[in-house]
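Enquirer: Turn this into a structure:
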Amino acid sequence: MALDRYDRTILECLQRNGRLSNRDLAEQVGLSAAPCWRRVKRLEEEGYIEDYIAQLNPRTLGLQVSAFAEVSLDNHHGSTLAAFNKMVESCPQILECHSVSGQCDYFLKIVERDMASYESFLSGTLLQIKGIRSVSTMFSLKQSKLTRELPLG
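Expert: Numbering: from 1, shown residues only. Coordinates of the predicted model:
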């Protein structure tokens, strides 16, 4: 179903603040409470809204290192991919895993407490997976932007 201006406004508001009450959301959107609630439920059911989460501050939690690892595999056999994917799913410090085109096979976003913790994860976990040929890591020196808001225009 196509999104109209009310749907887009609802999504924009909820991206900025997922804790809005239905009353406050309806007021911001320009609808009464019942139609607003029905639209939100429809947007959830149709998969536009996947979840409501609290975005935590990694620095406050002591996670000082943000790393981006380019991972290349020896091959793409089922057993190699299964071992890699199992490791990715089991490691909470891996926030994102993307299968990519280009000079590597996967791009990982990883957070750790410090460089020693990252080195321990790299040598003790990531490089222990059979089939990993190489890992090249870049470290974030400064984060200029962080958003989870998708463009709806």
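
Enquirer: what's the residue most central in space within the chain sitting at in phi/psi?
Expert: Nearest to the mean C-alpha position of the chain, by Cα atoms, centre = their mean, lies Glu96 at 5.6 Å. Main-chain dihedrals, Glu96, degrees, to the nearest 10: phi -140, psi 150.

Enquirer: Who does the residue nearest to it when sequence neighbours are not counted form a beta bridge with?
Expert: Spatial nearest neighbour of Glu96, chain neighbours left out: Lys109 (4.0 Å); criterion: Cβ to Cβ, 6 or more residues apart in numbering. C-beta: built from backbone N, CA, C; applies to glycine. Per DSSP bridges, the residues bridged to Lys109 are Phe68, Glu96.

Enquirer: Check the closest residue to His77 other than its chain neighbours and give its pLDDT.
Expert: Closest residue to His77 in three dimensions, ignoring its sequence neighbours and counting by Cβ to Cβ, 6+ apart: Gly131, at 7.5 Å. Listed pLDDT for Gly131 reads 95.

Enquirer: same check, this time on Ala2
Expert: 89.

Enquirer: go on, Asp74?
Expert: At Asp74, the model reports a pLDDT of 96.

Enquirer: just checking, it touches Ile129?
Expert: No: counting by Cβ atoms under 8 Å, Asp74 stays clear of Ile129, with 10.5 Å between them.

Enquirer: And the residue nearest to the centre of the chain, how close does it get to Ser120?
Expert: Glu96 sits 20 Å away from Ser120 when distances are taken as Cβ to Cβ, to the nearest Å.

Enquirer: How about Cys91?
Expert: With Cβ to Cβ as the criterion, Cys91 and Ser120 are 12 Å apart.

Enquirer: picking that back up, check the spacing between the residue nearest to His77 and Arg38 real quick.
Expert: 49 Å.

Enquirer: the more surrounded of these two?
Expert: Neighbour count, other Cβ atoms under 10 Å: between Gly131 and Arg38, Gly131 has more, with 16 against 11.

Enquirer: which residues sit in contact with that one?
Expert: Residues counted as contacts of Gly131 (Cβ atoms under 8 Å, 6 or more residues apart in numbering) are Leu73, Asp74, Asn75, His77, Ser79, Thr80, Ala83, Phe84.
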